[in-house]
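> need a structure here:
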Amino acid sequence: MLAPPMPSGRLPVATRAVHLFSLGTVLAIAAIASFDGIALAVSTRTFELDDAVSLAAGELHDVAVRSDGRVVPSAELTRIAMPDGVPIVWSWARIGTDLYLGTGDDGRIYRVRGDAVELFAETHQLLVSALAAGDGGVLFASTASEGHVYRIDTTGAAAGQLHEIPLPDAGTEVYALAWDAPRHRLLAGTGSEGRVYAITNVAAATPAVDVYWDSVASHVMSLALAPDGTLYAGTSDEALVVRIASPGHAETVFDFPGNEVTSIALDHGVLAVAANEFLEPPAVSTPPTKRSATAARAARPRPGHGRIYTIGADGRAERVWSSDEAHVTRVQLAADGTIWGALGADGRVIRVLPDRTSAIWIDADEREVLAMDMLSATGAFIGTGDAAAIYRVGGAPRTASWVSKVLDAGFDARWGRLTWRGEGTLRFSTRSGATERPDESWSAWSVPMTSEGPIRSAGARFLQIRAELASPDAAILAVTAYYLPDNQRPVISDVGLKARPSKRGPDADVDSPLPSTPMLGLTWKIENPDSDRVRYRVRYRQEQQAIWRDMLQGSETLTATEYQWNTSAVPDGWYVVSVEASDELSNPDALTLRSTSQSEPLLIDNHPPTVSALTFSGGRVRGTATDAMGPVSRLEAAIDGGEWRVVFPEDDLLDTREESFAIDVSMLEAGSHIVAVRAIDAGGNQASSEITVTIAAPARAR
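Numbering: from 1, shown residues only. Model prediction:
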């Protein structure tokens, strides 16, 4: 949940950064040459950046990407680094022209005057979770983890000194503060008991602290106070917004999807609500440093889903913005209905107009925007995490530029033209390189182009496009970069026989060869990096010969990775099969690439063995099984048409072209019997012969 850290000290927001927009490559084939309906892979391809998703996937320097896909100048940012290596700016309050910032992870409060940032107070806690401006220059602060509330004077000799206000639940987390000036009280939203406390007589040595509302929720995450004293509270682990009209009297305004109401803003009876749904984060998460779309992103924790809703004075809730890749850390609501939302992903702030059109308005260098005031008359600002900074948000920028995400051609490519649709004065430049993340090996930015023309960067795998919006009316609508990828060789391997499916029954002898067939199933593998259409040519030769013979007819075009070879007209023997892979179907002759692979020697054996010289003597049937190719792989015998039973040759080994056998039939009953002998070779060919034998009756005893 978006909250100050739990007792473990883990900062939840720091583990919830996600992508606002997908970083999937935006590729579209614009011009596909064809011949007889066959698409040619070595045709011109394009990078098309023409919608809000693809245009926002890069870096935005003082430009906004609107939901209608227009890139326009937004507001000028002035970055002010935080001192002392502060990692997080979390909370803020204004007193006069001074800006006070609550930070982590050492619980300091800083005061900002102009561009000067100075340490104002130290809580010696992990995080200053909330700040609120009271009357007479008093600042209120709360901390997470151990849950302290402080009153701090901002003027006089006691400026910066902490006066603790003890809470009844010692150590409870304090998430939100709201100063109720007409009633001179401070309201504090807490967890893990999910209570709101009302603190009165705040200047006394021992202020009065009363339970204002005791919820069934685990945490009261956010507060918004109406002028009439009505308090709105957002909760987790159920994303509820409740209305508290008086102590202990609350009613649910809306039960939102998700598990946390992170922020509430109120103006003239209308609420803007940030409701997030967080999946369970990993046990350990190290926040990576954000450098927008020019870099390969570090591994991120599971994303949070962010939603912004409005609740009208009539109680009707409507969703006005959503993302499955970014949670919302803060919302603000302007008098004209404009909503500002700070995102915990990619350092961005969105603007949602009353007609629900939206824009990514700010893109900071850091990954998270955790504090935001876009409505102040004394100067809008945002505060970030990941090496914290604050940014002053000014008016129309003096310079504004857009940088695309890194575009991946997949392989080294030759760049073509750069074209665009836009308005006003635009200047485009490009750079290229061999690494996914731009580094010193990349080319420098090219000379700016003010009209469409050839890309001036060197051929490479990766390309990046930059545009300067050089006039107030400038706008980018679409950008197209043409390129021709280098052809990639199809590589063939593992030429061999396709496994023959068994048709035996469940009780069949698994050692018995399948029936012979002259059709050999050939198969092979192909590695085809650029997905060209591949044509195969298949040849064969006898193992001891050098002459190759075509297996296919001249007009036959084979594109499958298998082939049925009819060997009925091929002499028995050992053969080597060669398969050539060619991408000629997708490339002109000059660019066609080929590769060849050969099989291990394959046995062609279409002729059966013979069973000969059957004789009977001494109670044994003797004979010889012979195969031209060898070896004889199996011998079987059947008596009087019965079941075939395995027999062994005389030396017990089936390892030669000729095997002699002697089958003992002396145990047969007296009389005449038919003995059949069958021989099977390695190719599954078989032949049989039979002999009639007479078993004499045993002599009678006298």
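> Ile264 belongs to a strand?
Yes - assessed by DSSP: H, G, I helix; E, B strand; the rest coil, Ile264 belongs to a strand.
> thought it was touching Gly234?
Yes - Ile264 lies in contact with Gly234 (Cβ atoms under 8 Å); the separation is 5.2 Å. Just so you know, the C-beta spots here come from the backbone N, C-alpha and C atoms, and that holds for glycine as well.
> Just want to know which of the two has more residues nearby.
The residue with more neighbours, out of Ile264 and Gly234, is Gly234; 29 against 24, by other Cβ atoms under 10 Å.
> List the contacts of that one.
220-223, 240-241, 260-264, 273, 275 (Cβ atoms under 8 Å, 6 or more residues apart in numbering).
> any chance of those in CSV, plus pLDDT, distance to Ile547 and secondary structure?
Listed next are the contacts of Gly234 as CSV, based on pLDDT from 0 to 100; distance: Cβ to Cβ, whole Å; DSSP: H, G, I helix; E, B strand; the rest coil:
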residue, pLDDT, distance to Ile547, secondary structure
Val220, 95, 88, strand
Met221, 95, 82, strand
Ser222, 97, 84, strand
Leu223, 97, 90, strand
Leu240, 95, 84, strand
Val241, 96, 85, strand
Glu260, 94, 77, strand
Val261, 96, 81, strand
Thr262, 95, 78, strand
Ser263, 97, 81, strand
Ile264, 98, 85, strand
Val273, 98, 81, strand
Ala275, 96, 77, strand
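> I'd like to know which of those residues is nearest to Ala380.
Of all the contacts of Gly234, Ala380 sits closest to Ser263, with 16.6 Å by Cβ to Cβ.
> neighbours of that closest one, just the number please.
26.
> Repeat that for Gly619.
Neighbourhood size, Gly619 [other Cβ under 10 Å]: 15.
> Tell me if I'm right that it and Ser666 touch.
Yes - checked against Cβ under 8 Å, the pair Gly619 and Ser666 is within contact range at 3.0 Å.
> any shared contact partners between those two?
Common neighbours of Gly619 and Ser666 (Cβ under 8 Å, 6+ apart) are Ile695.
> Just the closest of the contacts of Gly234 to Tyr150, please.
Leu223 (17.4 Å).
> For Cys634, name its beta-bridge partners.
Slight slip there: residue 634 is Arg, not Cys. Counting by DSSP bridges, Arg634 forms beta bridges with Ile680.
> Does it touch Trp644 like I think?
No - taking Cβ under 8 Å as the definition, Arg634 is not a contact partner of Trp644, at 9.7 Å.
> and these two? which has more neighbours close in?
More crowded of Arg634 and Trp644, by other Cβ under 10 Å: Arg634, with 21 against 17.
> I'd like the distance between the more buried one and Asp180.
Separation of Arg634 from Asp180 (Cβ to Cβ, to the nearest Å): 97 Å.
> what's the answer for Val447, then?
Using Cβ to Cβ, Val447 is found at 61 Å from Asp180.
> So for the two, which residue has more residues nearby?
Neighbours per residue (other Cβ under 10 Å) separate Val447 from Asp180, with Asp180 holding more: 19 against 9.
> thinking again about what came up before, between Ile264 and Gly234, which contacts overlap?
Here Ile264 and Gly234 share the contacting residues Ser222, Leu223, Val241, Val273, scored by Cβ under 8 Å, 6+ apart.
> Put together TSV for the residues you listed, with distance to Ser443 and neighbour count on each row.
Output for those, formatted as TSV (distance: Cβ to Cβ, whole Å; neighbours: other Cβ atoms under 10 Å):
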residue	distance to Ser443	neighbour count
Ser222	48	28
Leu223	53	23
Val241	53	23
Val273	47	31
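> Could I get those in a markdown table, plus columns for distance to Val369?
Putting the shared contacts of Ile264 and Gly234 into a markdown table (distance: Cβ to Cβ, whole Å) gives the following:
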| residue | distance to Val369 |
| --- | --- |
| Ser222 | 16 |
| Leu223 | 20 |
| Val241 | 22 |
| Val273 | 18 |
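> which one of those is nearest Ala625?
Nearest member of those to Ala625, counting by Cβ to Cβ, is Val273, at 88.5 Å.
> Skip the chain neighbours and tell me the closest residue to that closest one.
Once flanking residues are discounted, Val273 sits nearest to Tyr309: 4.6 Å by Cβ to Cβ, 6 or more residues apart in numbering.
> just how off-centre is whichever strand or helix holds that neighbour within its chain?
Element membership for Tyr309 (DSSP states H and E) is strand 304-311. Centroid separation between strand 304-311 and its chain, computed with Cα atoms, centre = their mean, to the nearest Å, is 23 Å.
> can you list contacts of the helix or strand following it?
Later in the chain than strand 304-311, the nearest helix or strand by DSSP H and E is strand 317-323. Strand 317-323 is contacted from outside by 20, 254, 256, 273, 305-312, 339, 341, 343, 350, 352, 356, 358, using Cβ under 8 Å, 6+ apart.
> Buried members of those residues into ChimeraX, please.
Here is the ChimeraX selection string for the buried members of those, based on 16 or more other Cβ atoms under 10 Å:
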select :20,254,256,273,305,306,307,308,309,310,311,339,341,343,350,352,358
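> Low-confidence ranges, the chain, go.
Along the chain, the model assigns pLDDT under 70 to residues 1-42, 280-303, 500-516, 700-702.
> what's the single longest strand in this protein?
Longest strand of the chain, by residue count under DSSP state E: strand 407-423.
> If you count neighbours, what's buried in it?
Using 16+ other Cβ under 10 Å as the test for burial, strand 407-423 gives Leu407, Ala409, Gly410, Ala413, Trp415, Gly416, Leu418, Trp420, Gly422.
> Report the contact partners of the fifth one.
Shown in contact with Trp415 (Cβ under 8 Å, 6+ apart): Thr430, Ser432, Pro454, Ile455, Ser457, Gly459, Leu463, Ala481, Tyr482, Tyr483.
> List the contacts of the residue nearest to the third one when sequence neighbours are not counted.
This points to Pro454. Distance criterion Cβ to Cβ, 6+ apart; nearest residue to Pro454, sequence neighbours excluded, is Arg417 at 5.7 Å. By Cβ under 8 Å, 6+ apart, the contact set of Arg417 is Glu452, Gly453, Pro454, Ile455, Ala481, Tyr482.
> do the same with Pro485
So Pro485 contacts Val42, Arg45, Ala409, Gly410, Phe411, Asp412, Ala413, Asp530 (Cβ under 8 Å, 6+ apart).
> go with 6 Å
Ala409, Phe411, Ala413 (Cβ atoms under 6 Å, 6 or more residues apart in numbering).
> what's the distance between it and Glu527?
In terms of Cβ to Cβ, Pro485 sits 16 Å off from Glu527.
> repeat for Ala478
36 Å.
> Which of those two has more residues huddled nearby?
Legend: neighbour count by other Cβ under 10 Å for Ala478 and Glu527, higher for Ala478 (17 against 12).
> any idea what sits nearest the more buried one, other than its immediate chain neighbours?
Asp50 (3.7 Å).
> The one you found - how many residues pack around it?
17.
> quick thing: my sequence starts at 394, can you match it?
In the new numbering, first residue 394, that becomes Asp443.
> bridging residues for Ala735?
On the basis of DSSP bridges, Ala735 is bridged to Arg723, Val742.
> if I read this right, it contacts Ala719, doesn't it?
No - under the criterion of Cβ atoms under 6 Å, Ala735 makes no contact with Ala719, lying 10.1 Å away.
> Looking at these two, which is more packed in?
Shown here are Ala735 and Ala719; by other Cβ under 10 Å, Ala735 has more neighbours (29 against 25).
> Look at the spatially closest residue to Asn880 that is not a sequence neighbour and say how many residues are nearby.
Closest residue to Asn880 apart from its sequence neighbours, by Cβ to Cβ, 6+ apart: Leu984 at 5.0 Å. Residues contacting Leu984 under the criterion other Cβ under 10 Å number 15.
> Likewise for Met475?
Counted by other Cβ under 10 Å, the residues lying close to Met475 total 21.
> ok, it to Ala449 distance?
Distance, Met475 to Ala449, by Cβ to Cβ: 27 Å.
> Ok, Leu913 next?
Distance from Leu913 to Ala449, by Cβ to Cβ: 57 Å.
> Fine, thanks again, bye for now.
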